[in-house]
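Q: predicted model, plus sequence, below.
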Protein chains: 2
Amino acid sequence: MSRILRVAAAQLGPICRDDSREQTLDRLIALLEGAAGAGATLVVFPELALTTFFPRWYMEDREEIDAWFERELPGPSTRRLFERARELGVGFHLGYAELTPAGEHFNSCILVAADGRIVGKYRKTHLPGHAEIDPMRAFQHLEKRYFLPGDTGFPVWRTMGGILGMCICNDRRWPETWRVMGLQGVEMVLLGYNTPSVNSQRSAEGIERRMFHNRLSVQAGCYQNSCWGVAVAKAGIEDGHPLIGGSMIVDPDGFIVAEATGEGDELVLHDCDLDATRFGKETIFAFERHRRTEHYGLITGRTGAIPPPE
Amino acid sequence: MSRILRVAAAQLGPICRDDSREQTLDRLIALLEGAAGAGATLVVFPELALTTFFPRWYMEDREEIDAWFERELPGPSTRRLFERARELGVGFHLGYAELTPAGEHFNSCILVAADGRIVGKYRKTHLPGHAEIDPMRAFQHLEKRYFLPGDTGFPVWRTMGGILGMCICNDRRWPETWRVMGLQGVEMVLLGYNTPSVNSQRSAEGIERRMFHNRLSVQAGCYQNSCWGVAVAKAGIEDGHPLIGGSMIVDPDGFIVAEATGEGDELVLHDCDLDATRFGKETIFAFERHRRTEHYGLITGRTGAIPPPE
């Protein structure tokens, strides 16, 4: 048996501050069309796929901040993306900055079915960075200033013939992210990222180490939960700040089966057999037979590390 | 500041059924002496370092089974290992099959300080394999027959100038193992393994894939908890059954800094700076700032995976 989902990781090059929404939508739609032309039925765009990574700037003015956020999706400027996807009969995953009617700000993503319905929404749980200017950093990463921690948890959805989940960027480094979805039988995790090519707190950690950590986190999450992973970058020099590329599709055994070669707009395609997740789920990672939750209490019982007394 | 612990991963080649305890102890002591001569103060032996990997055979006779287990450590046949270590002033980690006075059987390991005191004991939590003969497998892996799941949880100990933890073989594939220790501030995890070179349930999964999963699990665990990992194999063709080598020392950034080259008795040494664990623990993996335990409930609340309704 096999359940093939042809997925396109739609890597984006930089979206700079001065790029118009029109230009950005043109690029997203071009990728959508390219993916559909290649037979993909699911297109995965990165985190914050409609704007530059604005948390690198410190802002205080509410109006200036809110200008980066979407009040509705589809909205006036994004409707044509949704319409084109429905015409093409492809589903998609899109990361964006969400401003709710109640005035809450989240780093969010949605999953849209081929018929245009929004079937899932996820709000980023693990916000990296800081909330105030940190003069010790080579550059700022103010996600904790502009976003609330997500309130969705890590749901999964039965859609597109499988069980799909989502997370965003820094979430992928946290095994809890993957395990909570794994415990719901997730077969494919979609995720986008905007990852600076240098560690703002340690300049010696450059692109090679950052790429290594990106791969390590996704590969381990996929292997340990026997699921597919589709990890998609916004890459390249964005407003003077370099972001890693390395968009990839990872199989349920933890191997990279397709990977971006550049740092611009690029499609990475793969036929993902969702039934390939079964072997791992039924053998070495048959959770029911092997997990010992009586010894995991600290994972939920304690937030920070508490070393033993001296 | 730096707190250097010079560690030796003491990989063992096969210990076959017909090898005498005397021969095995000679090998362990030779490795201990070699490590001490090279300035190591901690020597890490693998899982079941005193016997062949006996769970590959089906046994019913209680006496035959119990012959593989240690009733005490140090015992008459192992005392000289403990004495030699104390003379040399080195601590060590040793995996063995434990039979308690109450008649319980565990796959265990101990941590012995340079003064000969047993400072820690751990009993394997995640037992792989099965309890009865499985005719579908190319060979048997009867850990669930001969051992009880460990009852120790994942403690850590302040010893040798740092905070050390232990796990055993299959435990390393489970991120829960690492996280429970990470939440206690672990700085170095010691672990031994006996890992068949072929998946008994999928012959296409040979040594390269098995090595990849070994590395992936340990590297992810170290990176995601910013700790050192010392992973040590019993390797080579043991009683006709091939076991992977690949003993390695992994730094808190997830990189392999030293690795075995063969499948026989071999020492892999590294000066591990325990203070190198601080950067990760204080930045990207500063658990207190970033973890969101309110969304992790399934990890302790559910053992097996429960997919959403069809």
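A: Great, that's in hand.
Q: look up how far chain B lies from the residue sitting furthest away from the middle of chain A.
A: Farthest-out residue of chain A from its mean C-alpha position, per CA atoms, centre = their mean: A:E310, at 40.3 Å. In this view, A:E310 and chain B are 7 Å apart by CB to the nearest CB, to the nearest Å. For the C-beta atoms, the positions are set from N, CA and C on the backbone; glycine is no exception.
Q: same thing with A:I163?
A: 6 Å.
Q: likewise for A:W174?
A: 7 Å.
Q: residues near that residue, how many?
A: Neighbour count of A:W174, defined by other CB atoms under 10 Å in any protein chain shown: 25.
Q: grab the nearest non-local neighbour of it.
A: A:H126 (5.3 Å; CB to CB, 6 or more residues apart in numbering or on different chains).
Q: how about that neighbour, secondary structure?
A: coil (DSSP: H, G, I helix; E, B strand; the rest coil).
Q: hang on, A:T125 packs against A:P155?
A: No. Counting by CB atoms under 8 Å, A:P155 is not a contact partner of A:T125; they are 11.5 Å apart.
Q: kindly export stretch A:261-273 (C-alpha atoms) in CSV.
A: C-alpha atoms of stretch A:261-273 as CSV (Å, rounded to 0.1, in the frame of the first residue of the first chain):
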residue,chain,number,x,y,z
THR,A,261,20.6,24.3,-3.5
GLY,A,262,20.4,28.1,-3.3
GLU,A,263,19.2,30.9,-1.2
GLY,A,264,16.6,32.3,-3.5
ASP,A,265,13.0,31.4,-4.5
GLU,A,266,13.2,27.6,-5.2
LEU,A,267,11.0,24.6,-5.3
VAL,A,268,12.1,21.3,-3.7
LEU,A,269,9.7,18.4,-4.5
HIS,A,270,9.3,14.9,-3.3
ASP,A,271,6.7,12.2,-3.5
CYS,A,272,6.1,11.4,0.2
ASP,A,273,4.6,8.0,0.9
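Q: can you tell me if that stretch touches chain B.
A: No. Stretch A:261-273 does not reach chain B (CB under 8 Å from any CB of the partner chain); its nearest approach is 14.9 Å.
Q: show me which residues of that stretch are buried.
A: Of the residues in stretch A:261-273, those buried by neighbour count under the rule 16 or more other CB atoms under 10 Å in any protein chain shown are A:E263, A:D265, A:E266, A:L267, A:V268, A:L269, A:H270, A:C272, A:D273.
Q: now that stretch: mean pLDDT?
A: Taken as a whole, stretch A:261-273 carries a mean pLDDT of 98.
Q: what's that stretch in contact with?
A: The contact list for stretch A:261-273 (CB atoms under 8 Å, 6 or more residues apart in numbering or on different chains) reads A:2-13, A:27, A:30-31, A:34-35, A:38, A:40, A:188, A:228, A:230, A:233, A:235-236, A:243, A:245, A:247-249, A:251, A:257-260.
Q: wait, isn't the residue farthest from the centre of chain A in contact with B:R158?
A: Yes. A:E310 lies in contact with B:R158 (CB under 8 Å); the separation is 6.9 Å.
Q: so, low pLDDT: which residues of the stretch 1-150 of chain A?
A: Across the stretch 1-150 of chain A, the ranges flagged by pLDDT under 70 are A:1.
Q: for chain B, what's the nearest residue on it?
A: A:T125 (5.0 Å; CB to the nearest CB).
Q: ok, the closest residue to that residue other than its chain neighbours - contacts?
A: Among residues not flanking A:T125 along the chain, A:G150 sits closest, at 4.5 Å (CB to CB, 6+ apart). Residues near A:G150 by CB under 8 Å, 6+ apart: A:F106, A:N107, A:S108, A:Y122, A:R123, A:K124, A:T125, B:R292, B:H295.
Q: possible to save these as CSV with neighbour count, secondary structure and distance to B:S217?
A: Putting the contacts of A:G150 into CSV (neighbours: other CB atoms under 10 Å in any protein chain shown; DSSP: H, G, I helix; E, B strand; the rest coil; distance: CB to CB, whole Å) gives the following:
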residue, neighbour count, secondary structure, distance to B:S217
A:F106, 24, strand, 33
A:N107, 27, strand, 29
A:S108, 26, strand, 31
A:Y122, 27, strand, 26
A:R123, 21, strand, 30
A:K124, 26, coil, 26
A:T125, 26, coil, 23
B:R292, 18, coil, 24
B:H295, 20, helix, 24
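Q: can you redo these as CSV with distance to A:H141?
A: Formatted as CSV, the contacts of A:G150 follow (distance: CB to CB, whole Å):
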residue, distance to A:H141
A:F106, 17
A:N107, 12
A:S108, 18
A:Y122, 21
A:R123, 18
A:K124, 13
A:T125, 17
B:R292, 18
B:H295, 22
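Q: return the member of the residues you listed nearest to B:M181.
A: Taking CB to CB as the measure, B:R292 is the one of the contacts of A:G150 closest to B:M181, at 20.0 Å.
Q: check contacts around that closest one.
A: So B:R292 contacts A:T125, A:H126, A:P149, A:G150 (CB under 8 Å, 6+ apart).
Q: what's the neighbour count on A:M248?
A: 24.
Q: surely it touches A:V218?
A: Yes. Look at A:M248 against A:V218 with CB under 8 Å: they come within range, at 6.9 Å.
Q: what distance do you get for the residue nearest to A:T125 to A:C167?
A: Here the criterion is CB to CB, to the nearest Å. By it, A:G150 lies 9 Å from A:C167.
Q: show the backbone phi and psi for A:T277.
A: Backbone torsions of A:T277, given as degrees, to the nearest 10, read phi -80, psi -20.
Q: now do the contacts for it.
A: Counted by CB under 8 Å, 6+ apart, A:T277 has contacts A:E187, A:S226, A:C227, A:W228, A:P252.
Q: Throw those residues into a markdown table and include distance to B:G304 and neighbour count, thanks.
A: Listed next are the contacts of A:T277 as a markdown table, based on distance: CB to CB, whole Å; neighbours: other CB atoms under 10 Å in any protein chain shown:
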| residue | distance to B:G304 | neighbour count |
| --- | --- | --- |
| A:E187 | 16 | 29 |
| A:S226 | 13 | 27 |
| A:C227 | 15 | 31 |
| A:W228 | 20 | 26 |
| A:P252 | 17 | 25 |
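Q: which one of the residues you listed is nearest to B:G95?
A: Closest to B:G95, out of all of those and judged by CB to CB, is A:S226, at 27.2 Å.
Q: could you check the pLDDT of the closest one?
A: 98.
Q: distance of it from A:D275?
A: Applying CB to CB, the value for A:S226 to A:D275 is 11 Å.
Q: ditto for A:A30
A: Taken as CB to CB, the span from A:A30 to A:D275 is 32 Å.
Q: again, but for A:L73
A: 32 Å.
Q: out of the two, which sits in the busier spot?
A: A:L73 (18 against 14).
Q: okay, the more buried one and A:L81: tell me how far apart.
A: For A:L73, the distance to A:L81 - CB to CB - is 9 Å.
Q: again with A:P196
A: A:P196 is 26 Å from A:L81, by CB to CB.
Q: higher neighbour count, the two?
A: Of the pair A:P196 and A:L81, A:L81 is the one with more neighbours under other CB under 10 Å, namely 23 against 19.
Q: which SSE is A:C222 in?
A: helix A:207-225 (DSSP states H and E).
Q: list the buried ones in stretch A:41-58?
A: Those would be A:41-57, for stretch A:41-58 by 16+ other CB under 10 Å.
Q: contacts only, for A:L31.
A: Contacts of A:L31 (CB under 8 Å, 6+ apart): A:A8, A:A10, A:L12, A:V43, A:F45, A:D265, A:L267.
Q: so it, which state does it fall into?
A: Applying three-state DSSP: A:L31 is helix.
Q: going along the chain, name the helices of the stretch 101-250 of chain A.
A: Along the stretch 101-250 of chain A, counting by DSSP state H, counting those that start in this stretch, helices occupy A:143-146, A:175-182, A:207-225.
Q: got a markdown table for those helices, with mean neighbour count and distance to A:L94 too?
A: Below are the helices of the stretch 101-250 of chain A laid out as a markdown table (neighbours: other CB atoms under 10 Å in any protein chain shown; distance: least, CB to CB, whole Å):
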| stretch | mean neighbour count | distance to A:L94 |
| --- | --- | --- |
| helix A:143-146 | 20 | 18 |
| helix A:175-182 | 26 | 19 |
| helix A:207-225 | 23 | 19 |
